[in-house]
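Colleague: turn this into a structure:
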Amino acid sequence: MSGKKDNDFYLRTAFGLLDRDSDGHVTPAELQYMLQKLGIEVSDDLISELIKDASKNGNGLIDENDFMQWVTKIQAIQGLDVSSSGGDSEEEITRDLLAAFKVFDRDDNGYITRDELRTALEMIGEPVTDAQLNQVLALGDIDHDGRIDYEEFVKMLL
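Modeller: Next comes the predicted model:
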């Protein structure tokens, strides 16, 4: 993948993670939950404003198309060129990796367990078999303790 395809893939993945109940819509509570998991404290009023800005039909929910358009608009405002690849500083990459790790580490204990990995993949529409889970864990679990810590997570992705 490259450029816009990468961006679309990541945005669809992000939407799947936000849509915790997989009903095709992101609610204010789901957005608030994800931001809190990423260590971002936002007032309920700001969440309402964000949802209102992103939701095209004004029903207080964001569907996948709304989300894709909204984030693309934000990227354009920030001057991000989503059609090119690379250019992220080491600090940005580290921040993004930590944010991604926190999404998988649902109980915030510093490890991604087999159940957390399964849940995260199912949330983004990627149901996995036990064999596939074992394969991912075998790739990522370098110290063979049955879970993936942050350092192992980074090594698996880079």
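
Colleague: give the buried residues for the lowest-mean-pLDDT helix or strand in the chain.
Modeller: For the chain, scoring each helix and strand by mean pLDDT, DSSP states H and E identifies helix 4-18 as the least confident one, at a mean of 73. Within helix 4-18, the residues that count as buried by 16 or more other Cβ atoms under 10 Å are 7, 11, 13-18. Any C-beta I mention is one placed from the backbone N, CA and C, and that applies to glycine too.

Colleague: just send the residues you listed back as JSON lines, with distance to residue 139 too.
Modeller: Below are the buried residues of helix 4-18 laid out as JSON lines (distance: Cβ to Cβ, whole Å):
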{"residue": "7", "distance to residue 139": "25"}
{"residue": "11", "distance to residue 139": "25"}
{"residue": "13", "distance to residue 139": "19"}
{"residue": "14", "distance to residue 139": "23"}
{"residue": "15", "distance to residue 139": "25"}
{"residue": "16", "distance to residue 139": "21"}
{"residue": "17", "distance to residue 139": "21"}
{"residue": "18", "distance to residue 139": "26"}
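
Colleague: returning to that earlier point: what average pLDDT does the following helix or strand past the least confident helix or strand of the chain get?
Modeller: Where DSSP states H and E defines the elements, the next helix or strand beyond helix 4-18 is strand 25-26. In this model, strand 25-26 carries a mean pLDDT of 92.

Colleague: helices or strands next to the helix or strand just after strand 25-26 in the packing?
Modeller: For strand 25-26, the following helix or strand on the C-terminal side (DSSP H and E) is helix 28-37. For helix 28-37, the packing partners by 3 or more Cβ pairs under 8 Å, 6 or more residues apart in numbering; DSSP states H and E come out as helix 4-18, helix 44-54, helix 90-104.

Colleague: given the very next helix or strand once past the last one, what are its sheet partners and their directions?
Modeller: Sequence-wise, the next helix or strand downstream of helix 90-104 (DSSP H and E) is strand 111-112. In the sheet containing strand 111-112, its partner strands are strand 148-149 (antiparallel), by DSSP bridges.

Colleague: I'd like to know which elements the least confident helix or strand of the chain is packed against.
Modeller: Against helix 4-18 (3+ Cβ pairs under 8 Å, 6+ apart) you get helix 28-37, helix 64-77, helix 114-123.

Colleague: what angle sits between that helix and helix 114-123?
Modeller: 120 degrees (axes from the mean of the first three to the mean of the last three Cα atoms, to 10 degrees).
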